[in-house]
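S.K.: Predicted coordinates and the sequence they were generated for:
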Amino acid sequence: MWGLGAEEWQAVALSLRVAALATLVSLPFAVFTAHLLARRAFPGKALLNGLVHLPLILPPVVTGYILLLLFGTQGPIGAPLKEIGVIFAFRWTGAALAAGIMAFPLMVRAIRLSIEAVDPRLEQAAATLGASRAWVFATVTLPMILPGILAGGIVAFAKAMGEFGATITFVSNIPGQTQTIPLAIYAFLEVPGAEGSAIRLVLISVGIAMAALLLSELLATRVARRVGGR
Amino acid sequence: MLSVSLRHRFSGFALDAAFDAPPGITVLFGRSGSGKTTVVNAVAGLLTPEEGHIAIDGRTLLDTRTGVSLPTHRRRLGYIFQEARLFPHLSVRGNLRYGRWFAPRSAPREDMARVVEMLGIGHLLDRRPGALSGGERQRVAIGRALLSGPGLILADEPLAALDEARKAEILPYFERLRDEVSVPILYVSHSAAEVARLATTVVALQDGRVLRQGPAAEVLGDPMVLPTGVRGAGALLEAVVVRHHEDGLTELSAGGVPLFIPRVPQDAGRKLRLRIAAQEVILSRQRPEGLSALNILPGTVESIRGGEGPGAMVALATPAGRVLARVTRRSADLLGLAVGVECHAVVKSVAIAPEDVGGGEGTA
């Protein structure tokens, strides 16, 4: 279909799977972290903020290498996880981990902005009406930031689709296992006469990225309207 | 009954206040910066004072000595804020129901239909807060607080953000709240007119201290208590509506003295309270003749209090109750005013503004 070869299809399907897993698993952590950063004061807040943003600033190769050191089968986290049967290294789950880590700061930023747009006096009002902290979050904050969470998720999904440096360093470029769209494009460009495959994947990448951006913009305007209460 | 005793220091400001709030509306009355909002926020648990004890009907909300401090959501309050703070993602109905969700089953429940009727918000139930006017929003906020089954309602300058017309729209609802709902209300205000209309009890605050507390007429009629300055001074009189005249005036009787004020909506026989602003009162030793002012209250000078400026506050005992008059010290001297001297207080009808007249409790 669409003139895609089996290998190209494999890359597209894998990318979607990797990005979906990365986004879904990191979303709750991102909401939690964003809420912490937006609403709480605690020692080490600046450190946490820095840590969250680190993958955005570090060369992706460095992030990938750190992941390899930590989550490799010999690593301090990877080794005990291997004991219980969870292996990241050179598996598609590893690609999802790398993509999730790389997309995390974008997701946190989007969600944090939407939380900061919620008037804390509304949360205070909810507390005076008898809602505990958890209920305030569930009944006031969460519904108001839902579009922001979706927008953050979409941007993160697109970013996860396109992750290259950390992925190739951490889990290598294995067709069908870790070869996502960007890695496949890279591989096709290495092979003489495979530019056609590369171009098709490039177009798919551009399409997915544009769609994600448009959708997240749309949702962002909805946040503003929702917070305005109309 | 709510009992509060607080001690708290900010930079450059010390609060040291204790008072009791019996049923009805207790107004914390004072200028901005006198500590009113601090008191309310401490009662709500939005601020923890250095020392303090707060209890409602024997239920301790805060006791710094024993380390008890209930979190805000367990204090069972209805807080009406200056800005309504309605939840924008919920409809009016959703907002009204919000607090009810969290109320314990044992809490006294106001009937939703009755509250909606009382506040006149039935036609708004399916709307979003963003589509309401300021006055409508504040009415919904009152309903939301009321329906959460609170043991106490807090209102922090709930009218301050509204224009005069909206204020006039909301005030009667607070009067109904006072007269028809058994929950005590702690109401913060710096407006003498609001205090005069609503207060059952007044707690006058100045610079973080309680200047005086007691029944509204007593505190407002005390020339020594001017928490918002001389311009805000004015005594409170109780009167009964006698009849409405065709020329647009309403005749009242206050302790047998006829008073004429611009037409009010209350029926004959209804009790009213009205505030006579001290600076609108003229004093005369003889009963004035040929004067355009319609209201003349005979009385005896109770006290004269001169300030540092040119003015003096004269308290007059009249059959209608105590009247305060702000005159110049020069006039007081020229008239030979002294304690025990007989004198007449003269008030123009039009000087009694509609916002100074409120429904009293019950009929005569």
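M.R.: Received, thanks. Numbers count the residues shown, from 1 in each chain, chains lettered A, B, ... in the order given.

S.K.: contacts, neighbours, all on C-alpha from now
M.R.: Noted.

S.K.: out of everything not next to it in sequence, what's closest to B:Gly311?
M.R.: B:Thr328 (4.2 Å; CA to CA, 6 or more residues apart in numbering or on different chains).

S.K.: now swap in B:Ala239 and tell me
M.R.: For B:Ala239, the closest residue by CA to CA, 6+ apart turns out to be B:Ala254, at 4.2 Å.

S.K.: residues contacting the one you found?
M.R.: Applying CA atoms under 8 Å, 6 or more residues apart in numbering or on different chains to B:Ala254 gives the contacts B:237-240, B:319-321.

S.K.: and the helix or strand bottoming out on mean pLDDT in chain A, how far from the chain's centre?
M.R.: Using mean pLDDT, DSSP states H and E, the weakest-scoring helix or strand in chain A turns out to be helix A:195-228, at a mean of 82. Relative to the centre of its chain, helix A:195-228 is centred 14 Å away, using CA atoms, centre = their mean, to the nearest Å.

S.K.: where's the residue nearest to B:Gly311 relative to chain A, distance?
M.R.: 47 Å (CA to the nearest CA, to the nearest Å).

S.K.: what number of residues lie near that residue?
M.R.: 17 (other CA atoms under 10 Å in any protein chain shown).

S.K.: For B:Leu162, which three-state class applies?
M.R.: Taking DSSP: H, G, I helix; E, B strand; the rest coil as the rule, one finds B:Leu162 in the coil state.

S.K.: okay but it is in contact with B:Glu136, surely?
M.R.: No. Contact criterion CA atoms under 8 Å: B:Leu162 and B:Glu136 do not qualify, at 10.8 Å.

S.K.: More neighbours: these two, which one.
M.R.: Between B:Leu162 and B:Glu136, counted using other CA under 10 Å, B:Glu136 has the larger neighbour count: 20 against 17.

S.K.: which residues touch the more buried one?
M.R.: Taking CA under 8 Å, 6+ apart as the criterion, B:Glu136 is in contact with B:Ile121.

S.K.: Next, give phi and psi for it.
M.R.: Main-chain torsions, B:Glu136, degrees, to the nearest 10: phi -60, psi -40.

S.K.: ok so, going back, mind checking which of the contacts of B:Ala254 are buried?
M.R.: B:237-240, B:320-321 (16 or more other CA atoms under 10 Å in any protein chain shown).

S.K.: what residue ranges in the chain are flagged as low confidence?
M.R.: As the question left the chain open, I've gone with chain A. Low-confidence segments of chain A (pLDDT under 70): A:1-3, A:226-230.

S.K.: Sorry, I should have been clearer: chain B.
M.R.: B:227-230, B:307, B:354-355, B:359-364.

S.K.: Tell me how many other residues surround residue 224.
M.R.: Just so you know, I chose chain A. Residue neighbour count, defined by other CA under 10 Å, stands at 18 for A:Ala224.

S.K.: The chain in question should be chain B.
M.R.: Per other CA under 10 Å, the neighbour tally for B:Met224 reads 15.

S.K.: Geometrically speaking, which residue is the centre of chain B?
M.R.: The centre of chain B sits closest to B:Val195, judged by CA atoms, centre = their mean, with a distance of 2.3 Å.

S.K.: In contact with the closest residue to that one other than its chain neighbours, which residues?
M.R.: Ranked by CA to CA, 6+ apart and with sequence neighbours excluded, the top spatial neighbour of B:Val195 is B:Val27, at 6.5 Å. Going by CA under 8 Å, 6+ apart, B:Val27 touches B:186-189, B:195, B:198-203.

S.K.: Then B:Val27 would be within a strand, right?
M.R.: Yes. Secondary structure of B:Val27 (three-state DSSP): part of a strand.

S.K.: Can you classify B:Ser3 as helix, strand or coil?
M.R.: Quick answer, by three-state DSSP: B:Ser3 is strand.

S.K.: Now do the same contact list for it.
M.R.: Neighbouring residues of B:Ser3 by CA under 8 Å, 6+ apart: B:18-21, B:53-56.

S.K.: before we move on, the earlier item: mind listing what's buried in the host helix or strand of the residue nearest to the centre of chain B?
M.R.: According to DSSP states H and E, B:Val195 maps onto helix B:192-198. Judged by neighbour count using 16+ other CA under 10 Å, the buried positions of helix B:192-198 are B:192-198.

S.K.: How about residue 169: what's its closest non-neighbour residue?
M.R.: Let's take chain A. A:Gly64 (5.0 Å).

S.K.: was after chain B, sorry
M.R.: Closest residue in space to B:Glu169, ignoring its immediate chain neighbours: B:Gly135 at 7.1 Å, by CA to CA, 6+ apart.

S.K.: hey, C-alpha coordinates of the helix or strand containing the one you found in PDB?
M.R.: Using DSSP H and E, B:Gly135 maps to helix B:134-147. Written as PDB, here are the backbone C-alpha positions of helix B:134-147 (Å, rounded to 0.1, in the frame of the first residue of the first chain):
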ATOM      1  CA  GLY B 134     -21.000  39.700  38.000                       C
ATOM      2  CA  GLY B 135     -24.100  39.900  40.100                       C
ATOM      3  CA  GLU B 136     -25.400  36.500  38.900                       C
ATOM      4  CA  ARG B 137     -22.000  34.900  39.500                       C
ATOM      5  CA  GLN B 138     -22.000  36.100  43.100                       C
ATOM      6  CA  ARG B 139     -25.500  34.800  43.600                       C
ATOM      7  CA  VAL B 140     -24.400  31.400  42.400                       C
ATOM      8  CA  ALA B 141     -21.300  31.600  44.700                       C
ATOM      9  CA  ILE B 142     -23.600  32.200  47.600                       C
ATOM     10  CA  GLY B 143     -25.700  29.200  46.700                       C
ATOM     11  CA  ARG B 144     -22.700  27.000  46.300                       C
ATOM     12  CA  ALA B 145     -21.400  28.000  49.700                       C
ATOM     13  CA  LEU B 146     -24.800  27.400  51.300                       C
ATOM     14  CA  LEU B 147     -25.400  24.000  49.700                       C
END
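
S.K.: What is the least confident helix or strand of chain A packed up against?
M.R.: Here helix A:195-228 touches helix A:6-39, helix A:142-162, helix A:181-190, going by 3 or more CA pairs under 8 Å, 6 or more residues apart in numbering or on different chains; DSSP states H and E.

S.K.: so which of those helices comes closest to chain B?
M.R.: Ranking the helices and strands packed on helix A:195-228 by their distance to chain B (criterion: CA to the nearest CA) puts helix A:142-162 first, at 6.5 Å.

S.K.: And chain B, is the closest one touching that?
M.R.: Yes. Residues of helix A:142-162 contacting chain B under CA under 8 Å from any CA of the partner chain: A:143-144.

S.K.: who touches the helix holding B:Val195?
M.R.: B:25, B:27, B:29, B:171, B:174-175, B:178, B:189, B:202, B:216, B:220, B:228, B:232-234, B:236, B:273-275, B:355-359.

S.K.: same question, stretch A:54-62
M.R.: Contacts with stretch A:54-62, where a contact means CA under 8 Å, 6+ apart, come from A:63, A:101-102, A:105, A:164-166, A:169.

S.K.: Format the CA atom coordinates belonging to it as CSV.
M.R.: Output of stretch A:54-62 as CSV, limited to C-alpha atoms (Å, rounded to 0.1, in the frame of the first residue of the first chain):
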residue,chain,number,x,y,z
LEU,A,54,18.4,17.5,30.8
PRO,A,55,17.5,15.3,27.8
LEU,A,56,16.4,18.4,26.0
ILE,A,57,19.8,20.0,26.4
LEU,A,58,22.3,17.1,26.4
PRO,A,59,23.5,15.7,23.1
PRO,A,60,21.1,12.7,22.4
VAL,A,61,24.1,10.4,22.1
VAL,A,62,25.0,11.2,25.6
